[in-house]
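Chemist: Using only what follows, build the 3D model:
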Amino acid sequence: MGKQKERRKSIRQSSPSPKNGAANKGCASTSCCQRIVFHLSKVVEIKAIFARTDKDGVCHVYSVVEEHSPATYQKVMKREQQIEEDFPEIRFSFRIRAHQGREPAVAVPLSSQPLFHTMSDKAKAHFDRYQQIGALALRMEAALPGDRDWCCVVMFYAALHLLDAYLCTKTFAFEIDSHVNRNLAIRQSPELRRFGSSYRELQDLSEQVRYDPGFLYKTVHHVNARANLAKVAAVLESRVKKRLETS
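Modeler: Below you'll find the model as predicted:
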């Protein structure tokens, strides 16, 4: 009994509290989130994973499946045990939620943060839009040579949708609701460093075209814009296609 009390005391002391800002966050740490995804994403029935840490420091983890099934519970609970063994200092509360054809997010509490999701229709929609906008940029370039500056803007949005399509396929979910979060995702994804500053350059150039009335868009700018879109596409297009084919 003495050892058990000491262990409980140790867990309470090491658990995050509202004072250190852990409440309402997904996990106590990035490494914890990554291990949760590492273990639970191996269960093919799991379509999404969400987490939240409450004011008492308990990490609530929600595995979202299509429907409840005894066989699924056996596989999920085995993975949950591995997570607890990885982080004995953290108190976990594991739950399985069924989305029943709805978006996974509606099956979990609103304060939960997304950690993982499988390939979705959203990723395909972004890829389709990338192809449409990319084709539009080519048509504009041919038909409106005097408006190449706005062709650059179209090229940036083609790159944006391709990036969003790829980020939707990532095992570790990223928020892609703003330019700030997209650029953060690029910095945190080693494989995206292969296109270097190309996305950022295309973004900056397109913004100056849109918002700076005195900016002179030159031929060199247009050459760089096309090259930057090509670099982004070279890194991402084949990856997204492959994941779409296997989803």
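Chemist: per the record, what domains does the chain have?
Modeler: Domain segmentation of the chain under automatic domain parsing yields 2-117, 121-246.
Chemist: Same list (the ones you listed) but as CSV, adding mean neighbour count and mean pLDDT.
Modeler: No exception for glycine: its C-beta is placed from N, CA and C like everyone else's. Shown next, in CSV, are the domains of the chain (neighbours: other CB atoms under 10 Å; pLDDT from 0 to 100):
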stretch, mean neighbour count, mean pLDDT
domain 2-117, 16, 81
domain 121-246, 17, 91
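Chemist: roughly how far apart are residue 150 and residue 118?
Modeler: 37 Å (CB to CB, to the nearest Å).
Chemist: nope, residue 229 is what I was after
Modeler: 28 Å.
Chemist: what's the answer for residue 194, then?
Modeler: Noted for residue 194: a distance of 24 Å to residue 118, by CB to CB.
Chemist: Do a quick rundown of the helices in this structure.
Modeler: 2-14, 30-40, 70-86, 121-143, 148-168, 179-187, 198-211, 219-246 (DSSP state H).
Chemist: Which neighbouring elements make contact with the shortest one?
Modeler: Helices and strands touching helix 179-187, as assessed by 3 or more CB pairs under 8 Å, 6 or more residues apart in numbering; DSSP states H and E, comprise helix 148-168, helix 198-211.
Chemist: Including distance to residue 139, could those helices go into CSV?
Modeler: CSV is the format used below for those (distance: least, CB to CB, whole Å):
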stretch, distance to residue 139
helix 148-168, 9
helix 198-211, 18
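Chemist: nearest to residue 125, of the ones you listed?
Modeler: helix 148-168 (8.1 Å; CB to CB).
Chemist: Specify the angle between the closest one and helix 179-187 in degrees.
Modeler: In terms of direction (axes from the mean of the first three to the mean of the last three CA atoms, to 10 degrees), helix 148-168 departs from helix 179-187 by 60 degrees.
Chemist: State the distance from the closest residue to residue 118 other than its chain neighbours to residue 159.
Modeler: Spatial nearest neighbour of residue 118, excluding adjacent residues (CB to CB, 6 or more residues apart in numbering): residue 47 at 5.2 Å. Per CB to CB, residue 47 is found 28 Å from residue 159.
Chemist: same thing with residue 31?
Modeler: Distance of residue 31 to residue 159, given as CB to CB: 31 Å.
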